[in-house]
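**Student:** Need the 3D shape of this:
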Amino acid sequence: MTDPTQDHVGLTDTFASRRYFRKFEVITVHLLRVAATMEAEGAISKQEVRIVSRYLSGLLYTFRALSMKYLLVGRDTGRFFGSLAMDKRDSGFPVAAELLTMANDAQQAQVHLANMPTEDDLKTDMVRTIIGDQAIPTKLQFALSQRLYYEELLKGQLFWARNDPECHWIGNKGERRKFMIHWAVYDSQINLPVIYLMQLEDSGKTALPKDQRRWPEVQAHLMAQSLGGLKLVTIAKGFDQDFDDLHPKHMRRIHVGPMYSSAYTEQSGPLRQVLEDAQSPQGQDWALAWTTEELESEEVIEERAGWFSTVEREVFALDPFGGQGAETGATRTQRSIILPQRPFQVLAERNPPGFTDVRKFVVSKAGQVLRY
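**Tutor:** Presented below is the predicted three-dimensional model:
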């Protein structure tokens, strides 16, 4: 057994930390454009891309808040406040503990802000220190960065370690209501954001979001099953068995990451060599994996429930090619990679094995997205 914390590293250098956050801000903006490109191709629906874009925007706000928290890392602020811990081997993202701490800080943000000087007062004191004392106002800069951090937390709409399920009506099928449920987690085992979407039919008397008995149970069930190690078919079958009047028809799970960067991560595999050979300029030395798993209901069968009644059970379609469906627990699995132009050129030239079926989204500084 290996200790996963050995793969965690603190970004203690001021400029390295700022470049890291700047890199992720660029990547997240590109991800929003990639999601729009997927919608244009018909890979995901308009409603799904709207949901996914909301979670991606939450990631952007989360990184923005953390960048404020650690803005003065590596500088003598007169107070030890640590540094961002990131997973350098498995994900390239911050470790899950960072998001858990951030959630706790959000609960107390109002109290912290009430005891802090205002932004204008801090800036005025900075000017006095620079002009009067002819010194760098590091402690005041730190105080301002913490104020901005708590203000970001108060704005909300961030990506948390747990983003509880939400339910939206999408139409009717005969007498049944159709709903889209979505939720997301920051998987603590692999330190990656994972987004879930489920379409289901509701044959219950009361609409699911208004059902005071079923809806809390559904939320608790889904969050308890949101583990990267569980196959989609396991999650869907468990849900189908536990709720006789809810019928899951389609599930989608999106893994955002890992992020590869020659400056920050130590992942093995061909991408590491590609990024090293590309020798990209600052801010362009990265690649981000994006994996989508889909599970569809193939047919419905009836099972006995007690002496005089039956219930419907879903039969899910698994990928028939090469027996991979049974292994992956999904109808389809699509791997994608998002990367800037120069790393893509090196990847195309090297053409390493295993990348033939991977969709490549190439992004430019101008915001264009091309798919190969």
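**Student:** what's the single longest helix in the protein?
**Tutor:** helix 14-41 (DSSP state H).
**Student:** what about that one, distance to the chain center?
**Tutor:** 12 Å (CA atoms, centre = their mean, to the nearest Å).
**Student:** packing partners for that helix?
**Tutor:** If contacts are counted by 3 or more CB pairs under 8 Å, 6 or more residues apart in numbering; DSSP states H and E, helix 14-41 sits against helix 46-69, strand 84-87, strand 246-261, strand 286-305, strand 332-340, strand 359-363, strand 369-371. To be clear about C-beta, it is placed using only N, CA and C from the backbone, and glycine gets the same treatment.
**Student:** who touches Ala36 in this structure?
**Tutor:** Ala36 is in contact with 49, 53, 369, counting by CB atoms under 8 Å, 6 or more residues apart in numbering.
**Student:** Derive a PyMOL selection command for the buried subset of those residues.
**Tutor:** The buried residues among these can be selected in PyMOL (16 or more other CB atoms under 10 Å) with this line:
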select buried, resi 49+53+369
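**Student:** still on that earlier bit, next, the angle from the longest helix of the chain to strand 246-261.
**Tutor:** Following axes from the mean of the first three to the mean of the last three CA atoms, to 10 degrees, one obtains 140 degrees for the angle between helix 14-41 and strand 246-261.
**Student:** If you count neighbours, what's buried in stretch 287-300?
**Tutor:** By neighbour count with 16+ other CB under 10 Å, stretch 287-300 contains the buried residues 287-297.
**Student:** how about JSON lines for those, with pLDDT and distance to Lys231 added?
**Tutor:** JSON lines is the format used below for the buried residues of stretch 287-300 (pLDDT from 0 to 100; distance: CB to CB, whole Å):
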{"residue": "Ala287", "pLDDT": "91", "distance to Lys231": "26"}
{"residue": "Leu288", "pLDDT": "92", "distance to Lys231": "24"}
{"residue": "Ala289", "pLDDT": "92", "distance to Lys231": "19"}
{"residue": "Trp290", "pLDDT": "93", "distance to Lys231": "19"}
{"residue": "Thr291", "pLDDT": "93", "distance to Lys231": "13"}
{"residue": "Thr292", "pLDDT": "94", "distance to Lys231": "14"}
{"residue": "Glu293", "pLDDT": "94", "distance to Lys231": "9"}
{"residue": "Glu294", "pLDDT": "94", "distance to Lys231": "12"}
{"residue": "Leu295", "pLDDT": "95", "distance to Lys231": "9"}
{"residue": "Glu296", "pLDDT": "94", "distance to Lys231": "14"}
{"residue": "Ser297", "pLDDT": "93", "distance to Lys231": "15"}
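**Student:** Go through the residues you listed and say which is closest to Leu200.
**Tutor:** Ser297 (9.5 Å; CB to CB).
**Student:** does the closest one really touch Glu314, like I thought?
**Tutor:** Yes: judged on CB atoms under 8 Å, Ser297 makes contact with Glu314 at a distance of 4.4 Å.
**Student:** on that earlier part again, quick one: which of the contacts of Ala36 is nearest Phe142?
**Tutor:** Ser53 (33.7 Å).
**Student:** residues contacting the closest one?
**Tutor:** Taking CB under 8 Å, 6+ apart as the criterion, Ser53 is in contact with 32, 35-36.
**Student:** with these in mind, which one is nearest to Val218?
**Tutor:** Ala35 (26.0 Å).
**Student:** Now do that closest one against Trp290, distance only.
**Tutor:** Separation of Ala35 from Trp290 (CB to CB, to the nearest Å) stands at 9 Å.
**Student:** re earlier: mind giving me JSON lines with the helices and strands packed on helix 14-41 and columns for distance to Phe159?
**Tutor:** As requested, these are exported to JSON lines (distance: least, CB to CB, whole Å):
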{"stretch": "helix 46-69", "distance to Phe159": "4"}
{"stretch": "strand 84-87", "distance to Phe159": "16"}
{"stretch": "strand 246-261", "distance to Phe159": "10"}
{"stretch": "strand 286-305", "distance to Phe159": "15"}
{"stretch": "strand 332-340", "distance to Phe159": "18"}
{"stretch": "strand 359-363", "distance to Phe159": "21"}
{"stretch": "strand 369-371", "distance to Phe159": "22"}
